[in-house]
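Q: coordinates for the following, if possible.
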Amino acid sequence: MNEKKVKRGETVELKISALAFEGGGIGEIDGLKVFVEGTFPGDTVLAYVFKSKKNFAQARLIEILKPSENRIVPRCEYVGTCRGCQMQELPYDKQVDIKKSHIEDCLYRIGGFKDAKVSEIIPCKDNFFYRNKMEFSFGYDADKNFTLGMHAPNRKFDILDLKRCYLESEYSIAILALVRKFAKEHGFIPFNFGNGEGDFRSLYIREGKRTGEVMVNIVVDGNVSQATIDDISLLSSQLANLKSVADGEEDKKIVSIYMTKVISKKGVPRSDRPYLLFGKPAISEKMIIDEQTLNFDIYPSSFFQVNTFQAEELYRIVRDFAVEKSQGVVFDLFCGTGTIGLFLSKHVNQVIGVELVEDAVKAARENALKNGIFNADFYLGDVFKKLSEIRERPSLVVVDPPRAGLSEKSIIKLNEFSPSQIIYVSCNPATLARDLKLFSEFGYQIKKIKAVDMFPHTYHIETVVLIEKDF
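A: Numbering: from 1, shown residues only. Below is the predicted model:
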């Protein structure tokens, strides 16, 4: 029996030679791959091995002995401790190049597509302050001090007390600071998931990037006392008067404040009950693609792409792929709140959307009415089961599945409809490549591949692929 080349508990020196998507850098010891989070190609590091298997090992970074020449000083002081922005220590153009290579590597290695190339990857024009939604958690740090911020990596319950974050806006940080100060002064007790005690769970901040309207949602346990609710109402009045003093953010203002009670009991499905404390029940937002503008109302539970401007770029690619041929009926599967289908509606005869989440389907129908769109119908249900009930024959199918991708039975069912074109929108290059391989077995060929960087400084990337079948 062969001994392991690298043993658990060892401290090793490594030269990082490659990047494992979402898994950190890769070094080698006697041919064995060692994965080290927080490292990049070109780094020489000292690392502690915490897992050792026959074919690979995982190690925790101790020290960077010699940094890669590509490393830069990150803008955010929490990069080493938060890990929300895993790639901020690389120049942005390098990040984009890595993501493009990752898509092509997955298509080749998993899908077997030797010549598949990404023709274009659209970078994010503003790669800081690009998010329109952030969630911050109430909690404690390792020393049991009150905190309001992000979950610490590799620690299940510790919360980093973030004073700055460059992902949403300067105004969102001002909101965070006011809530933190008020919480400390009034003795707010974070909810403890271990024993079920405490009141405060999280703080959501949502923005209309085109409208400047902001929503604050304070999420509390369902057993919160009336005295604490009174404190939250006082906090709400202070938030309503908070102005942004940051350059370029003068028009931002809080127009909606909620308190949401979480009712959670063992053996009973969780329910969230929002209570409007101030202002409008929803914030408004616009999305614009060339001459087409759609208006949306965003409620506390609404799904909305978190990077508004890059979502517009994503939908523009889908539209451009779709209108290359005249389209009759279009299926929009995993349609969410219907955004893709609504943008396609003016270019096709009919849109049929299918989505499993009830609130999303309700929002999709409301969005259609709000924008005066009457050739788009949205149905609630599991995609595979719903496909068995639909009698229309699509010329185009758009799929935008979750990270797990499509099930094999869904791909087989789609093939029975024999659409001449399928547009696959993917947030996971690995499952995308797997699914495209199966589609190819039914005669579909890749025609175009483009990508959109929705989440700068992270490993995530959105890919849009057009596949066609000749009849």
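
Q: show me what counts as buried in stretch 161-176.
A: By 16 or more other Cβ atoms under 10 Å, the buried positions in stretch 161-176 come out as 162, 165-176. Backbone N, C-alpha and C define where each C-beta goes, glycine included.

Q: which among these gets closest to Ser52?
A: Leu162 (34.1 Å; Cβ to Cβ).

Q: before we move on, back to that, just the ones of the buried residues of stretch 161-176 in helices?
A: Within those, membership in helices is found for Glu170, Tyr171, Ser172, Ile173, Ala174, Ile175, Leu176, as judged by DSSP state H.

Q: can I get those residues in TSV including pLDDT and distance to Gly353?
A: As requested, those are exported to TSV (pLDDT from 0 to 100; distance: Cβ to Cβ, whole Å):
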residue	pLDDT	distance to Gly353
Glu170	96	37
Tyr171	97	34
Ser172	97	31
Ile173	97	37
Ala174	97	38
Ile175	98	34
Leu176	97	36
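
Q: wait, which of those residues is closest to Asp400?
A: Ranked by distance to Asp400 (Cβ to Cβ), those are led by Ser172 at 27.1 Å.

Q: all helices for the protein, in order.
A: In the chain, the helices defined using DSSP H lie at 79-82, 92-109, 170-185, 226-240, 308-322, 339-344, 358-370, 383-387, 408-417, 429-441.

Q: any idea which of those is most buried?
A: Burial of the helices of the chain is given as mean neighbour count (mean count of other Cβ atoms under 10 Å); helix 339-344 ranks first at a mean of 26.

Q: which strands or helices does that one pack on?
A: Helix 339-344 sits against strand 283-289, strand 292-298, helix 308-322, strand 327-333, strand 348-355, helix 358-370, strand 376-380, strand 396-399, with contacts defined as 3 or more Cβ pairs under 8 Å, 6 or more residues apart in numbering; DSSP states H and E.

Q: so, low pLDDT: which residues of the stretch 1-150 of the chain?
A: Across the stretch 1-150 of the chain, the ranges flagged by pLDDT under 70 are 1-4, 23.

Q: burial count for Asp290?
A: Using other Cβ atoms under 10 Å, Asp290 is surrounded by 8 other residues.

Q: wait, doesn't it sit right on Arg316?
A: Yes - using Cβ atoms under 8 Å, Asp290 is in contact with Arg316, at 7.5 Å.

Q: distance to Glu285 added to the buried residues of stretch 161-176, as CSV?
A: As requested, the buried residues of stretch 161-176 are exported to CSV (distance: Cβ to Cβ, whole Å):
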residue, distance to Glu285
Leu162, 25
Cys165, 21
Tyr166, 21
Leu167, 18
Glu168, 14
Ser169, 14
Glu170, 19
Tyr171, 16
Ser172, 15
Ile173, 21
Ala174, 21
Ile175, 18
Leu176, 21
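
Q: and stretch 121-136, what's buried?
A: Buried residues in stretch 121-136, counting neighbours by 16+ other Cβ under 10 Å, are found at 121-124, 127-134, 136.

Q: most centrally placed residue in the chain?
A: Nearest residue to the geometric centre of the chain (Cα atoms, centre = their mean): Val306, 6.9 Å.

Q: check contacts around that residue.
A: Contact partners of Val306, counting by Cβ atoms under 8 Å, 6 or more residues apart in numbering, are Arg131, Asn132, Lys133, Met454.

Q: skipping adjacent residues, who's closest to Arg71 in space?
A: Glu89 (5.3 Å; Cβ to Cβ, 6 or more residues apart in numbering).

Q: wait, Val399 sits on Cys427?
A: No - applying Cβ under 8 Å as the test, Val399 and Cys427 come out as separate, 11.9 Å apart.

Q: and those two? which has more neighbours close in?
A: Val399 (23 against 17).

Q: what's the closest non-adjacent residue to the more buried one?
A: Sequence neighbours aside, Leu333 is the residue nearest to Val399 in space, at 4.7 Å (criterion: Cβ to Cβ, 6+ apart).

Q: where along the stretch 1-150 of the chain do the strands fall?
A: Counting by DSSP state E, counting those that start in this stretch, the stretch 1-150 of the chain has these strands, from start to end: 11-15, 18-20, 24-29, 32-36, 44-52, 56-66, 120-122, 133-140, 146-151.

Q: the first one versus strand 24-29: what angle between them?
A: If you take axes from the mean of the first three to the mean of the last three Cα atoms, to 10 degrees, strand 11-15 sits at 100 degrees to strand 24-29.

Q: hmm, who's touching stretch 253-266?
A: Outside stretch 253-266, the residues touching it (Cβ under 8 Å, 6+ apart) are 175, 201, 212-222, 224, 229, 232, 236, 239-240, 242-244, 270-283, 300.

Q: quick one, which of the residues you listed are buried?
A: Buried among the contacts of stretch 253-266 (16+ other Cβ under 10 Å): 175, 201, 212-221, 224, 229, 232, 236, 239-240, 242, 244, 277-279, 282-283, 300.

Q: tell me what Asp268 is bridged to.
A: Wrong residue type there; residue 268 is Val, not Asp. Lys265 (DSSP bridges).

Q: roughly how far does it sit from Lys325?
A: 50 Å (Cβ to Cβ, to the nearest Å).

Q: comparing those two, which residue is more hemmed in?
A: A direct count of neighbours by other Cβ under 10 Å for Val268 and Lys325 places Lys325 higher, at 11 against 8.

Q: residues touching the more buried one, list them.
A: So Lys325 contacts Ser395, Leu396, Ser420, Gln421 (Cβ under 8 Å, 6+ apart).

Q: which one among the residues you listed gets closest to Leu148?
A: Taking Cβ to Cβ as the measure, Leu148 sits nearest to Leu396 out of the contacts of Lys325, at 46.1 Å.

Q: shouldn't that closest one be in contact with Arg319?
A: No - contact criterion Cβ under 8 Å: Leu396 and Arg319 do not qualify, at 11.3 Å.

Q: pLDDT on stretch 230-239, on average?
A: Averaged over stretch 230-239, pLDDT sits at 98.

Q: with stretch 180-196 instead?
A: Mean pLDDT, stretch 180-196: 93.

Q: which residues sit against that stretch?
A: The contact list for stretch 180-196 (Cβ under 8 Å, 6+ apart) reads 137-140, 146-148, 157, 159, 161, 197-201, 220-221, 228, 231, 234-235, 238.

Q: ok, now with 6 Å
A: With Cβ atoms under 6 Å, 6 or more residues apart in numbering as the test, stretch 180-196 has contacts from Phe138, Gly139, Leu148, Gly198, Asp199, Phe200, Arg201, Asp221, Asp231, Leu235.

Q: got the contact list for the closest residue to Gln310 other than its chain neighbours?
A: Among residues not flanking Gln310 along the chain, Met454 sits closest, at 4.7 Å (Cβ to Cβ, 6+ apart). Listed by Cβ under 6 Å, 6+ apart, the contact set of Met454 reads Asn307, Gln310, Glu462.

Q: save the residues you listed as a markdown table, and put in distance to Ile257 and pLDDT too.
A: A markdown table is the format used below for the contacts of Met454 (distance: Cβ to Cβ, whole Å; pLDDT from 0 to 100):
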| residue | distance to Ile257 | pLDDT |
| --- | --- | --- |
| Asn307 | 24 | 97 |
| Gln310 | 28 | 98 |
| Glu462 | 32 | 97 |
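
Q: what is the nearest of those residues to Asn55?
A: Glu462 (30.8 Å).

Q: this completes my enquiry, with thanks.
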